[in-house]
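J.: sequence-free structure coming up:
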């Protein structure tokens with residue numbers, strides 16, 4: 001067998017295959033090298049322009065709102081005290097009334113008769129008392145002349161006492177009758193506004209039936225609830241203010257946001273609070289008084305109490321510079337050797353396009369934008385931006 005010829009044939013075939021393989025694979029290697037070089041250059045160019053913000057402490061006023069329930073300073077249910085038909089309605093729903101102004105008139109014939117009967121009984125009792133008094137005077141003369149015994153005089157005096165007590169009883173009955181008659185005319189208990197009138201003329205009402213409501217809304221109360229921790233913070237601040245002879249917290253003026261989102265033009269004053277915490281929620285209600293000269297606010301309205309809360313030595317962290325993983329918030333912090341490092345922080349609350357936090361130190365530098373391209377430990381070429389530039393960048397990104 002010619003082994004030499006066979007080996008030469010195998011070498012020739014291998015050389016032809018190597019040539020074809022090299023021809024096919026070389027463009028791929030060249031294309032991959034170009035793409036890799038472009039990718040690295042792009043990453044390097046992007047990372048060299050990463051904006052960095054240096055953090056400084058701030059003292060800011062943060063508005064905080066509480067849902068509140070608004071009630072009139074005076075709100076009274078006007079109910080019938082006696083039974084009768086509605087003879088007259090002197091007012092209309094929504095009408096302003098004055099104290100003691102007549103609102104409704106119920107049938108009064110029956111009560112007029114009771115008054116007349118009671119008055120007649122009083123007159124009869126007075127006449128009987130007068131007759132017994134004359135009898136006593138007459139018997140005194142006879143006793144002085146020793147014509148009759150003193151026992152008859154004592155009996156006449158006793159009868160006079162009974163007659164005088166009958167006068168007192170008759171007067172009481174007459175007064176009760178007049179009071180019942182007065183209940184047939186229902187009057188306004190104070191200056192206010194008439195609410196809905198469910199009964200119309202001719203309706204039969206019984207004692208206790210609701211005729212309408214009267215509300216005085218020249219001023220209104222706004223009740224809002226705070227947590228036990230907020231209550232303790234408020235009380236400690238109040239005690240500290242009193243010890244320092246400064247203005248009392250009760251003089252603090254609060255703002256009211258109406259249900260349409262518009263601020264109320266008048267400020268209110270915190271007056272008092274409930275005595276106990278509410279079971280189940282652990283909250284306690286505060287009361288704020290607001291003037292209402294234009295009567296814009298009605299009884300039962302809703303709104304929000306807005307308070308200004310001063311936060312000192314805190315940091316404003318742009319929300320765009322953060323990311324979350326399993327309910328934890330993170331930012332990229334720049335180290336001294338220009339490498340980025342992931343750091344978690346605790347947001348106290350939102351403040352516009354920022355988070356408020358106290359988890360940093362003055363001078364810490366965070367990555368402002370481009371956090372999607374970063375990895376922990378990656379080296380960058382940072383570009384420092386001012387707070388104003390950072391705000392403008394973040395604000396413009398919202399458009």
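T.: Okay, I see it. This structure is a prediction, so every number in the text was calculated from the model and none was measured. Numbering: from 1, shown residues only.
J.: For the rest of this, base every contact and every neighbour count on C-alpha atoms.
T.: Fine.
J.: Residue 369: what's it in contact with?
T.: Residue 369 makes contact with 50, 51, 52, 320, 321 under the criterion C-alpha atoms under 8 Å, 6 or more residues apart in numbering.
J.: can you list those in CSV and add neighbour count and secondary structure?
T.: Formatted as CSV, these follow (neighbours: other C-alpha atoms under 10 Å; DSSP: H, G, I helix; E, B strand; the rest coil):
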residue, neighbour count, secondary structure
50, 20, strand
51, 18, strand
52, 22, strand
320, 17, helix
321, 21, helix
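J.: Between which two of the residues you listed is the distance greatest?
T.: Largest separation among the contacts of residue 369 by C-alpha to C-alpha: 50 and 320, giving 13.8 Å.
J.: quick one: buried residues of stretch 129-136?
T.: Judged by neighbour count (16 or more other C-alpha atoms under 10 Å), stretch 129-136 contains these buried residues: 129, 132, 133, 135, 136.
J.: and that stretch, how far from the chain's centre?
T.: Averaging C-alpha positions (C-alpha atoms, centre = their mean, to the nearest Å) puts stretch 129-136 72 Å from its chain's average.
J.: For residue 95, the count of nearby residues, please.
T.: The local packing of residue 95 (other C-alpha atoms under 10 Å) involves 11 other residues.
J.: what are the phi and psi angles of it?
T.: Here is the backbone geometry of residue 95 (degrees, to the nearest 10): phi -80, psi 140.
J.: now swap in residue 240 and tell me
T.: phi -60, psi -40.
J.: Give me the distance between it and residue 311.
T.: Taking C-alpha to C-alpha, to the nearest Å as the measure, residue 240 falls 17 Å from residue 311.
J.: Quick test: name the residue nearest the centre of the protein.
T.: Computing the C-alpha centroid of the chain and ranking residues by C-alpha atoms, centre = their mean puts residue 68 first, at 1.7 Å.
J.: Any regions of the stretch 1-150 of the chain where pLDDT drops low?
T.: Along the stretch 1-150 of the chain, segments meeting pLDDT under 70 span 1-48.
J.: run the last query once more with 80
T.: Scanning the stretch 1-150 of the chain with the threshold set as pLDDT under 80 gives 1-49.
J.: mind checking which helix or strand the residue lying closest to the residue nearest to the centre of the chain once chain neighbours are set aside is in?
T.: Excluding the flanking residues, the one nearest residue 68 by C-alpha to C-alpha, 6 or more residues apart in numbering is residue 224, at 4.4 Å. Using DSSP states H and E, residue 224 falls within strand 210-226.
J.: ok now that strand, how far from the chain's centre?
T.: Its chain's C-alpha centre and that of strand 210-226 lie 14 Å apart, by C-alpha atoms, centre = their mean.
J.: Does it pack against any helices or strands, and if so which?
T.: Applying 3 or more C-alpha pairs under 8 Å, 6 or more residues apart in numbering; DSSP states H and E, one finds that strand 210-226 makes contact with strand 58-79, strand 192-194, strand 284-291.
J.: Adding distance to residue 351, write these out as CSV.
T.: Supplementary listing: the helices and strands packed on strand 210-226 in CSV, determined by distance: least, C-alpha to C-alpha, whole Å:
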stretch, distance to residue 351
strand 58-79, 7
strand 192-194, 42
strand 284-291, 25
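J.: No further questions, thank you.
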